[in-house]
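Q: Provide a 3D model corresponding to the input given below.
(chains A and B)
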Amino acid sequence: MAASISLHLIGSAQLAARARVATSESRLVRWTLIFVAFLFLVFFLFMPLAIVFTSALSKGLSTYFAAFREPDALSAIRLTLLAAGIAVPLNLIFGIAASWAIAKFDFLGKSLLVTLIDLPFSVSPVVSGLIYVLLFGLQGLLGPWLAAHDIKIIFAVPGIVLATIFVTFPFVARELIPLIQAQGIEEEEAALTLGASGWQTFWRVTLPNIKWGLLYGVILCNARAMGEFGAVSVVSGHIRGRTNTMPLHIEILYNEYQFQAAFAVASLLALLALVTLIAKSAVEWKAKQENSQPHGRDLTPDHQGFLL
Amino acid sequence: MSIEVSKVSKRFGTFNALSNINLEIPSGELVALLGPSGSGKTTLLRIIAGLEFADTGHVSFDGADITEQSARERRVGFVFQHYALFRHMNVFENIAFGLRVRPRQFRPAEAAIRSKVHELLRLIQLENLAQRYPSQLSGGQRQRVALARALAVEPSVLLLDEPFGSLDAKVRQELRRWLRQLHDEIHITSVFVTHDQEEALEVADQVVVMNQGRIEQIGSPDDVYNHPASPFVYNFLGNVNLFHGRMDEGQPVIHGKATGQVVYVRPHLLEIDREPNGGSHFRAHIKHINAAGPLVKVDVITEWGDPVHIQVSQERYRALQLIKDDAVYVIPKDVRVFETRRAS
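A: Reported below is the predicted structural model:
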């Protein structure tokens, strides 16, 4: 009996070994695919990135830092931070509200709302910029009224903030909708029956459950808010020192053949991208760790003995 | 606290989840809402809890109408089928939650919260797992934590939605007895939903049998099992054989022809004998015998060709020395006759 069982085990082990080989590609195919993927990355990612940094530092560190001390550059950095500083918190609130509504309630026009949230992803940024020009521009729909009240939106800071909000609003909502949907509403119902108010339920139950997804959405939203070019370019008017963001400032420098300065500012944006990537991986890693806490029985001491 | 449900109806779109439900649950009782899925039992429980609002009708606790109150104001303890523990809080914090969210003037001091939680941890026998997270507990442990969390706020009534539904059979048995004991200790009015008739009959003081949004019967486990009010209840509470037949001078007569009346007999209320033995009987031959278990299950084919399930004791089985293809007499001991087949 024992012999037949052990024989059987050996048989199944062999089977498993053969299955592993059978479902995997040959060594040649595997290495070719990996090589192609890396080659692609080197040409289209690493090399441009390296060129950005080498060009930025081509005239030494002092010229590199001089590019940031210039008043126009400083103003561009300030404006970029301002636009992102307004757009990200607003989209955070909007994202939570929209994803909560979509995941937890049934209402008329729900699918329309989901489609509309995706709109900034599907429409070209230039078009989104144009929408604001057509709306708030001097010849636009609200233009005469705004002019009469001396409110400037287009070719001014408000327009840039509006365009940034528009292009970045899907990030948080898109990240949260599937997450909240997957978690369901039972925990919130439990909090309710235990006497928690809506506000307490949100802070103590919902937010801790979605915090990693939320942070992930915010990181992506921020990266896009700082890097946005198309929509902002249309509404900005490129007034130096006043309505230029970092990406627009880089373009102007480049067009004026100030390559080193252009690359220096560009390196700042590239650095932001790298920091974003690292933060994103850290968040993903942390979220994964929390979700994959070992499941119950494996950890309880009485069962551990059994496992050993 | 007693619960009264009067004339409650609820629709989901075109589906009638509940139609005109009237139910009174006396204070301190443990009541089971029993029915197949889609019978409206969970909806009724959620309406009592305030997690769902009825379209029409009223719900009262101790005579006070609470129909318009939210779940938050009703102070009910609700235990969810999938526990709904707060996954980012450990066991201690899960149980303490209901006390911590109270308005400041009603909130107990930290020391009082601690002693209350530890008292509950003792009650559910999980004192050494206070620092564990829900994902580190087994199903049965999670269910007990969910119960302790509901009890922490000293609710007026305890409502449990399929409390043992997602546990394996052995744990379910243990937890069932434990719940019964717990109820005998703390005497809180409790309502639990189940689709498992054995569970309802074993645990509850009163069983409410529901079907298609209506109450079929309310009664003690003994009542609903031994005196089912409708063919549905007869069918749902255990195995049953259906025969064509009729009442003849107060005696049910079973035969093979359709008569518009249906005779219901439970498998253990059919006796097997080698002799006709007087009274009502019919002939059959044995098709299959399964002797594993406390009762021997015997499948027979009647003289008119219908399959019938019979359960006999091990002693009787050995005394008769039954084997496959034996010709035997079947004697019904207790039957119920209903007009036509209303339910299945």
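Q: which SS state does residue B:19 fall under?
A: At residue B:19 the chain is in strand, as set by DSSP: H, G, I helix; E, B strand; the rest coil.
Q: Which pLDDT value goes with the closest residue to it other than its chain neighbours?
A: Spatial nearest neighbour of residue B:19, excluding adjacent residues (C-beta to C-beta, 6 or more residues apart in numbering or on different chains): residue B:213 at 4.8 Å. No exception for glycine: its C-beta is placed from N, CA and C like everyone else's. Note on residue B:213: pLDDT of 91.
Q: where does residue B:213 fall, phi/psi-wise?
A: Main-chain torsions, residue B:213, degrees, to the nearest 10: phi 80, psi 10.
Q: What about residue B:313? Give its phi and psi, please.
A: Dihedral angles (degrees, to the nearest 10) for residue B:313: phi -70, psi 160.
Q: Check the gap between the nearest residue to it once chain neighbours are set aside and residue A:117 for me.
A: Nearest residue to residue B:313, sequence neighbours excluded (C-beta to C-beta, 6+ apart): residue B:295, at 6.5 Å. In this view, residue B:295 and residue A:117 are 62 Å apart by C-beta to C-beta, to the nearest Å.
Q: Compare the two (neighbour count), which wins?
A: Shown here are residue B:295 and residue A:117; by other C-beta atoms under 10 Å in any protein chain shown, residue A:117 has more neighbours (20 against 17).
Q: Just the residues contacting the host helix or strand of the more buried one, thanks.
A: Using DSSP states H and E, residue A:117 falls within helix A:110-122. Helix A:110-122 has contacts (C-beta atoms under 8 Å, 6 or more residues apart in numbering or on different chains) with A:98, A:101-102, A:128, A:166-170, A:173-174, A:177.
Q: With stretch A:203-215 instead?
A: So stretch A:203-215 is contacted by A:92, A:95-96, A:100, A:172, A:175-176, A:179-180, A:183, A:187-188, A:191, A:196, A:283, A:286-287, A:290, B:86-88, B:97, B:101 (C-beta under 8 Å, 6+ apart).
Q: ok, now stretch B:5-25?
A: B:2-4, B:31, B:40, B:43-44, B:47-48, B:52, B:54-60, B:189, B:191, B:206, B:208, B:212-215, B:218.
Q: so where does the residue nearest to residue A:49 when sequence neighbours are not counted fall, helix or strand?
A: Setting aside the residues directly before and after it, residue A:49 is nearest to residue A:270 in space (C-beta to C-beta, 6+ apart), at 6.1 Å. According to DSSP H and E, residue A:270 maps onto helix A:259-291.
Q: Against chain B, how distant is residue A:252?
A: 48 Å (C-beta to the nearest C-beta, to the nearest Å).
Q: hmm, back to that, what number of residues lie near the residue nearest to residue A:49?
A: Counted by other C-beta under 10 Å, the residues lying close to residue A:270 total 17.
Q: Surely it touches residue A:51?
A: No. Counting by C-beta atoms under 8 Å, residue A:270 does not reach residue A:51; the two are 10.3 Å apart.
Q: who touches the residue positioned nearest the centre of chain A in this structure?
A: Nearest to the mean C-alpha position of chain A, by C-alpha atoms, centre = their mean, lies residue A:220 at 1.4 Å. Counting by C-beta under 8 Å, 6+ apart, residue A:220 touches A:171, A:175, A:276, A:280.
Q: what do you get if the cut-off is 7 Å, keeping everything else the same?
A: By C-beta atoms under 7 Å, 6 or more residues apart in numbering or on different chains, the contact list for residue A:220 reads residue A:171.
Q: same check, this time on residue B:91
A: Shown in contact with residue B:91 (C-beta under 7 Å, 6+ apart): B:126, B:129-130, B:132, B:145.
Q: before we move on, the earlier item: show the buried residues in the contacts of stretch A:203-215.
A: Taking 16 or more other C-beta atoms under 10 Å in any protein chain shown as the criterion, what is buried in the contacts of stretch A:203-215 is A:92, A:95-96, A:100, A:172, A:175-176, A:179-180, A:183, A:187-188, A:191, A:196, A:283, A:287, B:86-88, B:97, B:101.
Q: Looking at those residues, which are in helices?
A: A:92, A:95-96, A:100, A:172, A:175-176, A:179-180, A:183, A:187-188, A:191, A:283, A:287, B:97 (DSSP state H).
Q: out of those residues, who's nearest residue B:331?
A: Nearest to residue B:331 among those is residue A:187, at 56.9 Å by C-beta to C-beta.
Q: got a pLDDT number for the residue nearest to residue A:49?
A: Listed pLDDT for residue A:270 reads 87.
Q: what mean pLDDT would you report for stretch B:266-280?
A: On average, the pLDDT along stretch B:266-280 is 83.
Q: and that stretch, which residues are buried?
A: B:266-272, B:280.
Q: from these, which ones fall inside helices?
A: Going by DSSP H, the helices hold none of the buried residues of stretch B:266-280.
Q: Residues touching the helix or strand containing residue A:65, excluding its own?
A: Using DSSP H and E, residue A:65 maps to helix A:60-69. Residues from elsewhere that reach helix A:60-69 (C-beta under 7 Å, 6+ apart): A:56-57, A:73-74, A:260-261, A:264-265.
Q: ok, now which ones touch the residue of the stretch 151-300 of chain B found nearest chain A?
A: Chain A sits closest to residue B:153 of the stretch 151-300 of chain B, with a gap of 5.8 Å, by C-beta to the nearest C-beta. Shown in contact with residue B:153 (C-beta under 7 Å, 6+ apart): A:194-195, B:75, B:77, B:98-99.
Q: which residue is nearest the middle of chain B?
A: residue B:200 (2.9 Å).
Q: Just the pLDDT at the residue lying closest to it once chain neighbours are set aside, thanks.
A: Excluding its sequence neighbours, the residue lying closest to residue B:200 (C-beta to C-beta, 6+ apart) is residue B:32, at 3.8 Å. We have a pLDDT of 94 for residue B:32.
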